[in-house]
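> Coordinates for the following, if possible.
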Amino acid sequence: MDLSAYQAGRHEPQLEYRSFLPEAINHGWTISDPQVLQLLGQADRALGELNAFAQLIPDIEFFIRMYVAKEATQSSRIEGTQTNIEDAFKDAEDLLPEVRDDWSEVQNYIRAITFAIESLERLPLSNRLLRDTHAILLDGVRGETKRPGEFRISQNWIGVSLKNAAFVPPHHDHVPELMSDLEKFLHNAEIMVPPLIKIAIAHYQFETIHPFLDGNGRLGRLMISLYLASERLLVKPALYLSDYFERNKTAYVDHMMAVRQGNHLRDWLIFFLHGVEETARASAGVFRAILALKERIEREVLPRFSHRRQENAQQLMRNLYARPVVDVKAVTVMLSTTTNTAASLISDMVEHGVLLEVTGQRRNRLFLFHDYLELFRK
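Numbers count the residues shown, from 1 in each chain. Below is the predicted model:
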């Protein structure tokens, strides 16, 4: 089916409302639109450049943790939380009580991403994996009463009420067959659909099905990264689109609704592919900046430490790339050393401009690897 012939679905009358039943997507697709094909090529090239960086950088897993934290923060912000990336690395007791619920949701998202990425080593990207990941996402936070890990068995909606909803997803009786169709589409090797086009369509379809009572947006965005990893388009999960979607939130929502209301799938694909290209190039730029920062610290800062303190200084720096918010207690454990040694090392890192003290307290002070964190705030 060519994009120009695409029909998104139809409305079904229910008791006092209408729900939207999307068409199945597991069939052949013909992508012949010149603009879509041009953007697809650009996005593929940008992904290839990012992939090259991910294979060249030593200790890449440390930097991936930062991308996971940023994704968790940005994806949760779309849903209304206020946690920032540095808060994601703090302990609950270091936060104001009013932001701890938001912090818990971000921590769940980090756990969910980590679980899902690790699970891909032994499981395909499947409805089972999505349900298991969803269970972690909603564990012990707002939404924990809304069937974590289970597809919905009641109607949901987007908006203030069912009667006045901006969008009403399909009736819950359709969810199992629609999600089965989506899973088959992702793994159907017989239809010649480019991977980025496939996941763009699948993401739209997932958000339209809205298979869970809560957490659909976060899980649907995570599904993009899981697919790229499962298809080995990226050797490491270093591309997350939530930052792009959050910065273009109105356009993101409008494009989704335009597909449902006017069959404008082409415009959604253009928006999505532009986001992949922009995000991949930005991520590669961050990797370049990380390497430059790392080289500067190794050239200008680490040589200032005596031979006796070199090992601790290097080990601390290595760990700061994975956990850029620390206190004396954390460094003591990190280095298996004494409190005095950890405090002295932190003091020197502050003096050399690596760490920045942010709490202004004499006790329980927190220190940020500020220049590094700033690379992930852009």
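> Compute the first-to-last residue distance for stretch 298-309.
14 Å (Cα to Cα, to the nearest Å).
> residues in contact with that stretch?
310, 313, 314, 317, 345, 348, 349, 352, 353, 354 (Cβ atoms under 8 Å, 6 or more residues apart in numbering). For the C-beta atoms, the positions are set from N, CA and C on the backbone; glycine is no exception.
> Those in helices, which ones?
310, 313, 314, 317, 345, 348, 349 (DSSP state H).
> residue ranges with poor pLDDT in this structure?
The model of the chain has pLDDT under 70 over residues 143-144, 361-362.
> In space, what's closest to the residue nearest the centre of it - neighbours in sequence excluded?
By Cα atoms, centre = their mean, the chain has its centre lying nearest to residue 71, at 3.4 Å. Excluding the flanking residues, the one nearest residue 71 by Cβ to Cβ, 6 or more residues apart in numbering is residue 240, at 3.7 Å.
> Make sure the one you found is actually in contact with residue 279.
Yes. Counting by Cβ atoms under 8 Å, residue 279 is a contact partner of residue 240 at 7.4 Å.
> can you give me the helices in the protein?
34-56, 60-78, 100-119, 127-137, 175-187, 195-209, 216-230, 242-247, 249-262, 265-300, 307-320, 328-335, 339-351, 370-375.
> I'd like these as a markdown table, with distance to residue 7 appended.
Listed next are these as a markdown table, based on distance: least, Cβ to Cβ, whole Å:
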| stretch | distance to residue 7 |
| --- | --- |
| helix 34-56 | 18 |
| helix 60-78 | 28 |
| helix 100-119 | 32 |
| helix 127-137 | 25 |
| helix 175-187 | 15 |
| helix 195-209 | 13 |
| helix 216-230 | 22 |
| helix 242-247 | 25 |
| helix 249-262 | 10 |
| helix 265-300 | 10 |
| helix 307-320 | 53 |
| helix 328-335 | 55 |
| helix 339-351 | 60 |
| helix 370-375 | 44 |
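> So which of the ones you listed is nearest residue 363?
helix 328-335 (9.6 Å; Cβ to Cβ).
> by contact count, what packs against that closest one?
When contacts are defined as 3 or more Cβ pairs under 8 Å, 6 or more residues apart in numbering; DSSP states H and E, helix 328-335 packs onto helix 307-320, helix 339-351.
> Tell me who's in contact with the residue nearest to residue 71.
By Cβ under 8 Å, 6+ apart, residue 240 lies in contact with 67, 68, 70, 71, 74, 75, 221, 224, 225, 279.
> which residue packs closest to residue 73, ignoring adjacent ones?
residue 85 (5.0 Å).
> What's the local residue count around residue 75?
26 (other Cβ atoms under 10 Å).
> Excluding chain neighbours, give the residue nearest to it in space.
residue 242 (3.9 Å).
> Same list (the helices and strands packed on helix 328-335) but as JSON lines, adding distance to residue 193.
JSON lines is the format used below for the helices and strands packed on helix 328-335 (distance: least, Cβ to Cβ, whole Å):
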{"stretch": "helix 307-320", "distance to residue 193": "42"}
{"stretch": "helix 339-351", "distance to residue 193": "50"}
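> how about those helices, which one is nearest residue 376?
Closest among these, using Cβ to Cβ: helix 307-320, at 13.2 Å.
> tell me the angle that closest one makes with helix 339-351.
70 degrees (axes from the mean of the first three to the mean of the last three Cα atoms, to 10 degrees).
> distance between helix 307-320 and the chain's centre?
Relative to its parent chain, helix 307-320 has a centroid offset of 31 Å by Cα atoms, centre = their mean, to the nearest Å.
> With stretch 266-284 instead?
15 Å.
> buried sites along it?
266-273, 275-284 (16 or more other Cβ atoms under 10 Å).
> care to break this protein down by domain?
Using automatic domain parsing, the domain ranges for the chain come out as 3-286, 307-375.
> Let me have those domains in TSV, extended by distance to residue 295.
TSV is the format used below for these (distance: least, Cβ to Cβ, whole Å):
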stretch	distance to residue 295
domain 3-286	12
domain 307-375	12
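> just these: most buried one?
domain 3-286 (a mean of 18; mean count of other Cβ atoms under 10 Å).
> so how far does it reach from one end to the other?
Using Cα to Cα, the end-to-end distance of domain 3-286 comes to 35 Å.
> just stretch 68-87 next, same as before
Separation of the first and last residues of stretch 68-87 by Cα to Cα is 13 Å.
> how far does that stretch sit from the chain's center?
That offset, for stretch 68-87, works out to 9 Å (Cα atoms, centre = their mean).
> swap in stretch 172-185?
Centre-to-centre, stretch 172-185 and its host chain are 23 Å apart (Cα atoms, centre = their mean).
> can you list contacts of it?
Stretch 172-185 is contacted by residues 21-22, 24-26, 126-127, 151-155, 170, 191, 198, 201-202, 205-206, 209, 211 when judged by Cβ under 8 Å, 6+ apart.
> hmm, try it at 7 Å
21-22, 24-26, 126-127, 151-155, 170, 202, 205-206, 209, 211 (Cβ atoms under 7 Å, 6 or more residues apart in numbering).
> for the residue nearest to residue 73, what are its contacts?
69, 70, 73, 373, 376, 377.
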